[in-house]
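1. 3D, please:
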Amino acid sequence: MSAARPASQQTFTAVETRATTLLELVCVIGEVTDDDREVVATVLHMLESGRIRLTGNFRNALPADLR
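-> All right, here's what the predicted structure looks like:
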């Protein structure tokens, strides 16, 4: 068993990026819940947390502008 390294010495692997449409994202989230409000809240949370970013017409839009 090895000792844990301090956070300053930890290495992280790159996260795979995937290009998808907003419609595809909404459809996939919609498969998990039937509540449209939850779908919107999930997409907004993902935008605000930086997990996703918009491209195309909405690339410069702030999440607050989409509410």
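
2. residues near the closest residue to Gly30 other than its chain neighbours, how many?
-> Computed as C-beta to C-beta, 6 or more residues apart in numbering, the closest residue to Gly30 that is not its neighbour in sequence is Val39, at 5.4 Å. From N, CA and C alone the C-beta is placed, and that goes for glycine too. Val39: 19 surrounding residues under other C-beta atoms under 10 Å.

3. ok, now Glu24?
-> 11.

4. mind checking the SS state of it?
-> helix (DSSP: H, G, I helix; E, B strand; the rest coil).

5. what's the burial count for the nearest residue to Leu25 once chain neighbours are set aside?
-> Counting by C-beta to C-beta, 6+ apart, Val43 is the residue found nearest to Leu25 once chain neighbours are left out, at 6.6 Å. Using other C-beta under 10 Å, Val43 has 18 other residues around it.

6. helices or strands next to the host helix or strand of Val43 in the packing?
-> Secondary structure from DSSP states H and E places Val43 in helix 36-49. Helices and strands touching helix 36-49, by 3 or more C-beta pairs under 8 Å, 6 or more residues apart in numbering; DSSP states H and E, are helix 22-30.
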